[in-house]
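S.K.: Pasting the sequence and the predicted coordinates here, then a few questions.
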Amino acid sequence: MGGEIGQLTAWEAASVLGWWLDAGVDTLVDEAPRDWLNPAPVVKASVAVDAPRSPEPVPQTLDLFRDWLGASSALPMASATAKRIMPRGGENAPVMLIADMPNAEDGAEGTPIGGQAWALTVRMLAAIGIDAADAYLANLSCFHAPGSRMKADDLEACAEIARRHVALARPKRLLLLGDAPARALTGKPLAAARGHVHKVEGVRTIVTFHPRYLLERPSYKALAWQDLLLLMEDEA
């Protein structure tokens with residue numbers, strides 16, 4: 001053939017290609033040598049799966065619930081700089097008060113309602129025949145942090161916790177003090193929730209002004225008195 005490469009016919013070219021395909025050649029160039037006599041091992045890609053997070057156990061007693069409030073870092077509004085204000089009182093109280101978030105005065109005294117607002121609260125309870133020492137006292141959020149504001153998702157989370165709190169404390173009546181507790185537990189702002197009887201975890205519930213609001217607007221005390229009378233009415 002004089003060193004010249006003869007041209008293949010179409011039938012001959014097809015025959016050669018068929019032979020290479022039968023021999024296992026399926027690509028012209030590969031990145032690395034391949035042993036055609038042994039099948040390539042199947043490598044399964046490993047998929048990183050995050051281990052499911054175990055939710056915090058739901059406290060089943062009031063004592064465990066209060067321990068949880070005092071220790072959990074997963075509570076809404078919790079932060080390294082926030083001060084925890086723990087609830088006060090025991091089960092089956094004649095009335096449970098749930099107040100707005102504690103302010104600086106409450107935080108300084110370490111009580112859900114402090115200062116002159118607490119002095120007024122004592123007089124309000126006495127007016128309806130309840131000793132303040134017998135009442136159960138809590139905040140919608142137990143944290144005080146200067147400048148902190150409760151967002152919508154915080155309000156929803158606090159509402160769920162407050163409902164659990166009420167169910168475990170089992171008070172005879174529930175008094176919500178302020179707009180945030182009203183929104184969280186009745187779904188209505190204070191202005192719309194006042195003057196009506198609500199039920200929270202089966203407990204007769206009334207909404208009224210926070211005592212520190214009454215100190216700023218004494219003329220509203222007459223409205224608050226109406227709320228207290230409604231709270232103490234016998235169940236129909």
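M.R.: Good, I have the coordinates. Numbers count the residues shown, from 1 in each chain.
S.K.: buried set for stretch 226-235?
M.R.: Of the residues in stretch 226-235, Asp227, Leu228, Leu230, Leu231 count as buried by neighbour count, 16 or more other CB atoms under 10 Å. Where C-beta positions appear, they are placed from N, C-alpha and C, glycine not excepted.
S.K.: What helices and strands are in contact with the helix or strand that contains the first one?
M.R.: Element membership of Asp227 [criterion: DSSP states H and E] is helix 221-232. Other helices and strands packing on helix 221-232, by 3 or more CB pairs under 8 Å, 6 or more residues apart in numbering; DSSP states H and E, are helix 115-127, strand 173-177, strand 203-208.
S.K.: so which of the ones you listed gets nearest Ala191?
M.R.: With respect to Ala191, and counting by CB to CB, the nearest of these is strand 203-208 at 9.4 Å.
S.K.: Hey, what's the angle from that closest one to strand 173-177? Just curious.
M.R.: 30 degrees (axes from the mean of the first three to the mean of the last three CA atoms, to 10 degrees).
S.K.: Report the mean per-residue pLDDT for the helix or strand following strand 203-208.
M.R.: Next in sequence after strand 203-208, counting helices and strands by DSSP H and E, comes helix 211-216. Mean per-residue pLDDT for helix 211-216: 96.
S.K.: Stretch 188-199 now?
M.R.: pLDDT averaged over stretch 188-199 gives 97.
S.K.: buried set for that stretch?
M.R.: Leu190, Ala193, Arg194, His198.
S.K.: do stretch 151-159 as well
M.R.: Asp154, Leu155, Ala157, Cys158, Ala159.
S.K.: and Val203, how far is that from Arg183?
M.R.: Val203 sits 18 Å away from Arg183, going by CB to CB, to the nearest Å.
S.K.: quick revisit: most packed of the helices and strands packed on helix 221-232?
M.R.: strand 173-177 (a mean of 26; mean count of other CB atoms under 10 Å).
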